[in-house]
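1. the following block contains a protein sequence and its predicted model.
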Amino acid sequence: MEALLHAGPACVHRTTSGLDFNFKFKEKRNISSHRLYKFELSHHHQLSVSTKGAHQFASRLSSHSLVAAAAAADRSSFDLSPPPVDHDFLDTVALSGAVISENGVIETFQNDEEALTAAENGAVVVDLSHWGRIRVSGEDRIQFLHNQSTANFECLQKGQGCDTVFVTPTARTIDIAHAWIMKNAILLVVSPVTCKGIKEMLLKYIFLNDKVEIEDISSQTSLFVLIGPESHKVMETLGVSGLVGQPYGTHQHFSVNGMPVTVGVGNIISEEGYSMMMSTAAAGFVWKTLIDLEAIPMGSHAWERLRVYRGRPEPGKELTSEFNVLEAGLGNSISINKGCYKGQETISRLITYNGVKQKLWGIMLSAPAEPGSSIVVDGKKVGRLTSYAMGRKETEYVGLGYVKRRAASKGDKVIIGDNIVGTLVDVPYLAQQSMPLKSQTQ
């Protein structure tokens, strides 16, 4: 589709032959009036004029004065300040009954049970705009992220994506980042609690000759995710059926009411479903469209219940300096043979010598439990509960926790705290992970 980008005083239309520019400027002889002039800039920077009376202005306007705007259009449109909107997106959803926190997070639409049911057999839409979005650009961006995280970025092409894990030099977990490989940048979606720290960490590792730029674009963009088996039908109705059935991380750019929207396969919590990033100006229209297509809105309270039930680790809970990336079960995000990267030596040693001592499990609980509680088998402490939430029903209680590998396995009973009975179970997010084998490092 044609993308409409707003670049300062000009509107820029991307075309097959180059770029169209619509300039509105004040004439000196009448500073209160404006005139709209239309220009076309070819890929070879040849300037032509299509508005009557604009030739005199064009004679004073070199095509190279438009190159800056052309460069902006060729970059991700998410660099640019979004156009002003009359009604804030959060104000709009508040009018529909949403409860919003002081930090601008939609907590609930007062339909948590309905939303959780729809996540299993329908389609739900969740506003994750409070999550972090970091744009990494510059000629060396691929090699830079290749060295700073666990995934193999060098094997990815434009339009593809992956999950990668930021770890400490000893492979302790910081966060999982979902990455989109765009034409001139890589977008990283990270947790709201780690965004600032990850940006600062990446900046610290940019050396003098590195051609890398790091930008937090969270406030300039909005992020929605679609979850559930019916989300494919929503995509087809929207006219983006080309993404249905594509590999995880595949993404494309579209235009909605002249504003850019990027849609990708996967939704942070699952390799199925979709993610949608757009300018803040487009958020209200896109959200309404999804609701009109019968996607059920879900707030952060239900999202947390779904996260625990699905088994997606979270920074500060399952992802901390206490646990390494293999213990967290994040095998799909780890490249063993890509060469040197932060944490690589520790990861290789753990695999080679079978040094992973504990494993992250889903736990079905007999009653509510407190995160941080001990997990006990045969009177001995063997682990710790890291997350707790109600399940899909109010009578279900679910948790996540680390348990020593030799102490228990799938289906075994454990004791949480004083007397809460737990059963170790596979959870979807962790079950889809493929852990590296010893032979892969040899």
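-> Happy to help now that I have it.

2. gap between the helix or strand Leu430 falls within and the chain center?
-> Secondary structure from DSSP states H and E places Leu430 in helix 428-431. Its chain's average C-alpha position is 18 Å from that of helix 428-431, according to CA atoms, centre = their mean, to the nearest Å.

3. now do the same for the residue most central in space within the chain: helix, strand or coil?
-> Taking CA atoms, centre = their mean as the criterion, Val189 is the residue nearest the geometric centre of the chain, at 3.2 Å. With DSSP: H, G, I helix; E, B strand; the rest coil as the basis, Val189 sits in strand.

4. for it, give me the pLDDT.
-> Listed pLDDT for Val189 reads 98.

5. what does Ser241 give?
-> Ser241 carries a pLDDT value of 87.

6. give me the contact list for the longest helix seen in the chain.
-> Assignment by DSSP state H gives helix 280-292 as the longest helix of the chain. The contact list for helix 280-292 (CB atoms under 8 Å, 6 or more residues apart in numbering) reads 82-85, 87, 89, 92-93, 125, 127, 129, 219-222, 224, 226, 234, 238, 256-257, 259-261, 276, 278, 297. Quick note: C-beta positions are derived from backbone N, CA and C, even for glycine.

7. please, a ChimeraX command that selects the buried ones among these?
-> Here is the ChimeraX command that selects only those of the contacts of helix 280-292 that count as buried (16 or more other CB atoms under 10 Å):
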select :82,85,89,92,93,125,127,129,220,221,222,224,226,234,238,256,259,260,261,276,278,297
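
8. restricted to strands, list the contacts of helix 280-292.
-> Assigned to strands by DSSP state E, the following of the contacts of helix 280-292 qualify: 125, 127, 221-222, 224, 226, 256, 259-261, 276, 278, 297.

9. flag the least confident of the residues you listed.
-> Val256 (73).

10. give me the beta-bridge partners of it?
-> On the basis of DSSP bridges, Val256 is bridged to Met259.

11. which one is Met277 nearest to, not counting chain neighbours?
-> Spatially, and ignoring its direct neighbours in sequence, Met277 is nearest to Thr262 (4.7 Å; CB to CB, 6 or more residues apart in numbering).

12. how close does the one you found sit to Leu187?
-> As judged by CB to CB, to the nearest Å, Thr262 and Leu187 stand 8 Å apart.

13. in the helix or strand containing His232, what's buried?
-> Using DSSP H and E, the element containing His232 is helix 231-238. Using 16+ other CB under 10 Å as the test for burial, helix 231-238 gives 231-235, 238.

14. ditto for stretch 391-411
-> 391-392, 397-403, 407-408.

15. and the furthest pair within these?
-> Farthest-apart pair in those is Arg392 and Ala407; separation 28.2 Å (CB to CB).

16. Ile415: what secondary structure?
-> strand.

17. oops, could you answer that again for Val165 instead?
-> Strictly by three-state DSSP, Val165 counts as strand.

18. wait, isn't it in contact with Leu330?
-> Yes - using CB atoms under 8 Å, Val165 is in contact with Leu330, at 5.5 Å.

19. where does this structure dip in pLDDT?
-> For the chain, the stretches with pLDDT under 70 are 1-87, 437-442.

20. now do the contacts for Phe144.
-> 136, 138, 202, 205-206, 210, 212.

21. please repeat the previous calculation with a cut-off of 6 Å.
-> Val212 (CB atoms under 6 Å, 6 or more residues apart in numbering).

22. Leu430 too?
-> Counted by CB under 6 Å, 6+ apart, Leu430 has contacts 311, 329.

23. measure it to Asp140 for me?
-> According to CB to CB, Leu430 and Asp140 sit 34 Å apart.

24. closest to Val414 out of the buried residues of helix 231-238?
-> Set against Val414, the nearest of those by CB to CB is Ser231 (34.8 Å).

25. need phi/psi at Gln358.
-> Here is the backbone geometry of Gln358 (degrees, to the nearest 10): phi -140, psi 170.

26. ugh, wrong one, I meant Ser101
-> phi -80, psi 170.

27. thinking it is in contact with Leu90, fair?
-> No - using CB atoms under 6 Å, Ser101 is not in contact with Leu90, being 10.1 Å away.
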